[in-house]
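Colleague: sharing a sequence plus its predicted fold:
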Amino acid sequence: MDKQAIKKFLDSGTGQATKDYLLGQLAELRDIDSIDEKDTPTHQALEVKAQKRAYNKLKDILSEIMTIPDENEEVDIRDSFII
């Protein structure tokens, strides 16, 4: 597998939709609403930890083939759609 070729494709105009999809899936794993509610605190803690591990693993995989924006990175207000 040529990671550079994949990275080049994802940075191109035709690969942007794929990149947006992959980043959307990564963001969905980070979303608290996607965590299933469990009956006991122990099971809930395991669910949260599993969700976090899945997010970190996918982020590691994707970071090999594309640039992932840092979630702690400040967004310039001029880049916002808020009026």
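Modeller: In hand now; what should we look at? Numbering: from 1, shown residues only.
Colleague: just the helices in the protein please.
Modeller: Using DSSP state H, the helices assigned to the chain run over residues 3-11, 16-30, 41-63.
Colleague: where does the longest one sit relative to the chain's centre, distance-wise?
Modeller: For helix 41-63, the distance from its own C-alpha centre to the chain's C-alpha centre is 12 Å (Cα atoms, centre = their mean, to the nearest Å).
Colleague: again with the second one
Modeller: Centroid separation between helix 16-30 and its chain, computed with Cα atoms, centre = their mean, is 6 Å.
Colleague: and it, what does it pack against?
Modeller: Helix 16-30 makes packing contacts with helix 3-11, helix 41-63 when contacts are defined by 3 or more Cβ pairs under 8 Å, 6 or more residues apart in numbering; DSSP states H and E. (Each C-beta comes from the backbone N, C-alpha and C, glycine too.)
Colleague: check the shortest one too.
Modeller: Contacts of helix 3-11 with other secondary structure elements, assessed using 3+ Cβ pairs under 8 Å, 6+ apart, are made with helix 16-30.
Colleague: rewinding a little: between the helices of the chain, which gets nearest to residue 69?
Modeller: Ranking the helices of the chain by their distance to residue 69 (criterion: Cβ to Cβ) puts helix 16-30 first, at 7.7 Å.
Colleague: which residues are in contact with that closest one?
Modeller: Where contact means Cβ atoms under 8 Å, 6 or more residues apart in numbering, the residues beyond helix 16-30 that reach it are 9-11, 34, 51, 54-55, 58-59, 62, 66, 68-69, 71.
Colleague: send me that helix as CSV with only the CA atoms.
Modeller: Below are the C-alpha coordinates for helix 16-30, written out as CSV (Å, rounded to 0.1, in the frame of the first residue of the first chain):
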residue,chain,number,x,y,z
GLN,A,16,-12.0,15.7,-1.0
ALA,A,17,-15.5,14.0,-0.7
THR,A,18,-13.8,10.8,0.6
LYS,A,19,-11.7,12.8,3.0
ASP,A,20,-14.8,14.7,4.3
TYR,A,21,-16.6,11.4,4.8
LEU,A,22,-13.7,9.9,6.7
LEU,A,23,-13.4,13.0,8.9
GLY,A,24,-17.2,12.9,9.5
GLN,A,25,-17.0,9.3,10.7
LEU,A,26,-14.2,10.2,13.0
ALA,A,27,-16.2,13.1,14.4
GLU,A,28,-19.2,10.7,14.9
LEU,A,29,-17.0,8.5,17.1
ARG,A,30,-16.1,11.6,19.2
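Colleague: please consider this matter closed, and thank you.
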